[in-house]
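here's a sequence, model it:
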Amino acid sequence: MNEEKQNIELLSEEEAVETNKDVVNENVKDDDFKEEKRFKKPINNNTTSSFGWHRDIKKSFEINDRIQKERLNPHYKLNLNTNKKIRITPLGGLGEIGGNITVIETDKSAIVIDVGMSFPSEDMHGVDILVPDFTYLRQIKDKIAGIIITHAHEDHIGAVPYLFKEMQFPLYGTALPLGMIGAKFEEHGLRHYKNFLRAVEKRRAIKIGDFEVEWIHITHSVIDASALAITTEAGTIIHTGDFKIDHTPIDNYPTDLHRLAYYGEKGVMLLLSDSTNSHKEGYTASESSVGPTFDHLFSKAEGRVLMSTFSSNIHRVYQAIEHGLKYNRKVCVIGRSMEKNLEIAMDLGYIKIPKEVFIDAHEVSKYEDGEVLIVTTGSQGETMSALYRMATDEHRHIKIKPTDTIIISAKAIPGNERSVSTVINYLQKAGATVAYQDFSEIHVSGHAAQEEQKMMFRLTKPKFFLPVHGEYNHLHRHKHTAIKCGIPEKNIILMEDGDTIEVTPKYMKKVKKVKTGKTYIDNQINDQIDSEVVIDRQKLATEGIVMIFAQISQSEQKLIGRPRVSSFGLVSDKDYKMFSKEIEDVLDNYLKNMKKGIIENPRVLENDIRQVVRKHIFRKMKKYPFIVPTINIM
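Just a heads-up that it's a prediction; the model follows:
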C-alpha cells in the first residue's frame, strides 16, 4: 500500500530537456528549460515540499500555454529568411457574384485560378453573359504556366472558351470540370484545343511552373469540387474555391478536413477563402436535407412534377430523379445544358441511373401525368430557358397544366430576382402549384456559413488572409469572422478586382493596380459585342433617338422647306407636331447666326446641328438622345 501512495521524483534539468524536445517550439532554446522539471519515478511522500509542487504545476501550465499558442499559430515554421515573394491579382469575382479569375505569380512564372463568367445587369441590352477582360493575361502571357480549375460551375469555367480563342495554356482540373470544358470546346468549334486539358489526382501535388499545386476535396453544390494547396518558395497558399463543409453529402465524400489540417500543421502563409455566405450565421445545411422535402412534394403530387435547378447541380438533379423513380415516374430531361451535364456525369461514373427510365420531350404525352417527372433548366428565369418557354406557352412539347407541381430548387442569383419572380407569376397564372422559397429546405446553399468559415480558419491557421468571391460587404463580414479566429486585422486585406497583393512570410501589402473589366457576349452567336454597341443600346433605351432630315440653301443659308423630324423613345405621338416645330425653330436660329464658311464643310455643319439640337432637348427634357442629322446642301 505504501508503494501505491508514493509520489513522483523530479527529473534532472538535462533529462527534462530531452523528454520535451518533441513537443516544444523548435525555436525555443534549451536554456528556456532551466529549472523546469518532469516526473519520473515514485518516491516517498515527504520528499517534495508543498512549495515545490506549486512551482512545478505552475511551470507545467506555462509550458502547455506556450504549446497551445504555437499549435494555433505555427507561423514560426515559415521561412522568414527567404527573399521570395508571391503576387496575387484578382481579375474578377470581387465586388460581384461570379466572374471568378485570379492570377498568382512569381517573378518568372504565373498560374491562373479559374476563368469564370457572370451575368449582365438589366441595362445591358442584348448581352447574355459577361467574361473577364483578359488585358493583364495578355501582358504576362509568356509567364503563364497553366490554368487551374477548382470546380465546374459556370462562374468558374464559363469564360474558358473565350480565353482559348485568343490564348491557350495547359488547363488542369479534375474529371467533371474538364468534361464540361471539353463539351464547351465542342460548342465553340475548339475541339482541337482539348489536348490542353490535363486531368489531376486529388492529394497528389504536381509541379506547374514555380508552383506545386495539390487539389483537396471539398463539398459544394457541384460534384468533385476542390480546394487548392499551392506550395511556393515563399510559403504555402490555401485557396478554398467555393466550399461548404457537408458531413453527409450525397456521394458520401465529405470535405477532406484531414488534408487541410495537414497543411495547417506545416504552416500556411496565406489563405484565400470563399466569402459568399459570410453574413449567414451557423452552418449551411447538408445537400441531403433536400431529400425529405422532395419526398413530401412527390408523394402529394397527383399530376406531373417539374423540377428546375442549376444544370451543374448534378446531385440535386440526381435526388429528384431518385424520388421520381421511387414514385414510378419516367424522367424527361429538357434543356441543352442540363442534358449535357447529366450525360457527362453519368459517362464519367459520378452517378448511376438506368438509361431506360429516360424519355424524350415528345414522348411525355404518351404517359399519364402521374407517371412523369420533368427535370429542366430555367431556375433563374432566363427568357430562353425551357421553363420560361413552358411558362409562356411557347415550348413545342410541354404546356403547363393546373395539375402540375413545379419545384424551383434554386435561389435567385443577386440581380435575377425579378426574372425569377416573372417566371413564377406565369406558372401560377397557368394554375400550377409552385414550390419555391416557401419550402425552407427545397434548396440549400453550396457556400460556407460563419461556423464553417471558422472551421476553415482553425484547420489552416494562416498568417495572412484574403477574403475572395463576393461583394465588398461579404468580404468585410468575412474579415470580422477571421479576426474572431485570431488573425490580426493588419494581416487581412480587402481586395478589389485589379489589386495586386504582394505577400512574403514577413508582410502582405498592395503594390499596384492592373486593368480589369468585362467583355460582353451574345450567346446566340457565341461572340463578343463591342462595348460601344452596348453603351449605345443603353443610351437608346434611356435617352431615345432623334433623326432629322433637312435641305439647306447654300447661297441663302436657310432651310428649304420644313425639315422632317422623327423621334423614338423621347416624345409621344400627341406631342410630335410641337416637338417638330421646336426643332425647326432651333435650326432656323442656328442658320441665321452660323459662322461664315461652315456651310462649305458638311461634316462640321452636321456636328454643329447635332450639338445645338442636343442642348435644346436637354434644356427642355433633361435628356441626351442620339441625334442623327442628315443634311443636303443645295
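
what's in contact with the helix or strand containing Val331?
Val331 belongs to strand 330-334 when assigned by DSSP states H and E. By Cβ atoms under 8 Å, 6 or more residues apart in numbering, the list of residues contacting strand 330-334 from outside reads 321, 324-325, 339, 342, 353, 357-361, 363-364, 367, 371-377, 386, 398. From N, CA and C alone the C-beta is placed, and that goes for glycine too.

ok, now with 7 Å
321, 324, 339, 342, 357-361, 364, 367, 371-376, 386 (Cβ atoms under 7 Å, 6 or more residues apart in numbering).

next one: stretch 375-392
306-311, 317, 320-321, 331, 333-335, 337-338, 395, 398, 400, 408-410, 412-413, 416, 419-420, 422-423, 426-427, 430.

hang on, the earlier thing: can you tell me which of the contacts of strand 330-334 are in helices?
When the contacts of strand 330-334 are checked against helices (DSSP state H), the matches are 321, 324, 339, 342, 386.

return the item of the residues you listed having minimum pLDDT.
Lowest-confidence member of those: Ala386, scoring 90 (pLDDT).

count the neighbours of that residue for me.
25 (other Cβ atoms under 10 Å).

do Glu532 as well
8.

ok but it is inside a strand, no?
No - looking at Glu532 with DSSP: H, G, I helix; E, B strand; the rest coil, it is helix, so not inside a strand.

any idea of the pLDDT on it?
Looking at Glu532, its pLDDT stands at 74.

how about His443?
87.

among the ones in helices among the contacts of strand 330-334, which one sits closest to Arg198?
Comparing these against Arg198 with Cβ to Cβ places Leu342 closest, at 24.6 Å.

what about that closest one, neighbour count?
Counted with other Cβ under 10 Å, Leu342 comes out at 23.

now it: how far from Ala227?
Distance check for Leu342 against Ala227: by Cβ to Cβ, to the nearest Å, it reads 25 Å.

could you do Leu257 as well?
Between Leu257 and Ala227 the computed distance is 11 Å (Cβ to Cβ).

how about the strands of the stretch 51-200 of the chain, start to end?
Counting by DSSP state E, counting those that start in this stretch, the stretch 51-200 of the chain has strands at residues 86-92, 101-105, 110-113, 129-132, 144-148, 171-173, 197-199.

who wins for proximity to Ile631 among these?
Of these, nearest to Ile631 by Cβ to Cβ is strand 129-132, at 38.9 Å.

so for the closest one, mean pLDDT?
Mean pLDDT, computed over strand 129-132, is 88.

mind checking which of the contacts of stretch 375-392 are in helices?
Counting by DSSP H, these place 317, 320-321, 337-338, 419-420, 422-423, 426-427 in helices.

could I get those as CSV with neighbour count and distance to Glu584?
Putting the ones in helices among the contacts of stretch 375-392 into CSV (neighbours: other Cβ atoms under 10 Å; distance: Cβ to Cβ, whole Å) gives the following:
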residue, neighbour count, distance to Glu584
Val317, 24, 63
Ala320, 28, 65
Ile321, 21, 68
Ser337, 16, 54
Met338, 24, 58
Ser419, 20, 44
Val420, 21, 48
Thr422, 15, 43
Val423, 26, 47
Tyr426, 19, 46
Leu427, 24, 52
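
can you list the weak-confidence ranges in this protein?
1-51, 438-440, 523-526 (pLDDT under 70).

report the central residue of it.
Gly98 (3.5 Å; Cα atoms, centre = their mean).

distance of that one relative to Arg198?
Applying Cβ to Cβ to Gly98 and Arg198 gives a distance of 25 Å.

what's the neighbour count on Leu270?
Leu270 has 27 nearby residues by other Cβ under 10 Å.

same deal with Ile351?
Around Ile351 there are 17 other residues, counting by other Cβ under 10 Å.

any idea which helix or strand carries it?
For Ile351, there is no host helix or strand (DSSP H and E).

what's it in contact with, if anything?
314, 318, 345.

any idea how far it is from Leu178?
17 Å.

repeat that for Ser226.
12 Å.

more neighbours, those two?
Legend: neighbour count by other Cβ under 10 Å for Ser226 and Leu178, higher for Ser226 (26 against 23).

was I right to think the more buried one contacts His151?
Yes - counting by Cβ atoms under 7 Å, Ser226 does reach His151; the two are 6.4 Å apart.

find residues that contact each of those two.
With Cβ under 7 Å, 6+ apart, Ser226 and His151 have common neighbours Gly241.

hey, where'd the strands end up in the stretch 401-550 of the chain?
Here the stretch 401-550 of the chain has its strands, by DSSP E, counting those that start in this stretch, at 405-408, 433-435, 462-468, 499-503, 508-513, 518-522, 527-529, 545-553.

ok, which of the ones you listed comes nearest Glu122?
Short answer: strand 518-522, nearest of the strands of the stretch 401-550 of the chain by Cβ to Cβ, at 13.8 Å.

for that closest one, buried residues please.
By 16 or more other Cβ atoms under 10 Å, the buried positions in strand 518-522 come out as 518-521.

again with stretch 573-581
Going by 16+ other Cβ under 10 Å, stretch 573-581 has these buried residues: 579-580.

go on, stretch 453-462?
453, 455-457, 459-462.

which one of those residues is nearest to Arg477?
The closest of the buried residues of stretch 453-462 to Arg477 turns out to be Gln453 (Cβ to Cβ; 9.5 Å).

please tell me how far that closest one sits from Lys266.
21 Å.

please apply the same query to Pro161.
Taking Cβ to Cβ, one finds Pro161 at 37 Å from Lys266.

then Phe618?
64 Å.

before we move on, the earlier item: and the strands of the stretch 401-550 of the chain as JSON lines, adding distance to Leu297?
Below are these laid out as JSON lines (distance: least, Cβ to Cβ, whole Å):
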{"stretch": "strand 405-408", "distance to Leu297": "6"}
{"stretch": "strand 433-435", "distance to Leu297": "6"}
{"stretch": "strand 462-468", "distance to Leu297": "36"}
{"stretch": "strand 499-503", "distance to Leu297": "46"}
{"stretch": "strand 508-513", "distance to Leu297": "49"}
{"stretch": "strand 518-522", "distance to Leu297": "36"}
{"stretch": "strand 527-529", "distance to Leu297": "41"}
{"stretch": "strand 545-553", "distance to Leu297": "50"}
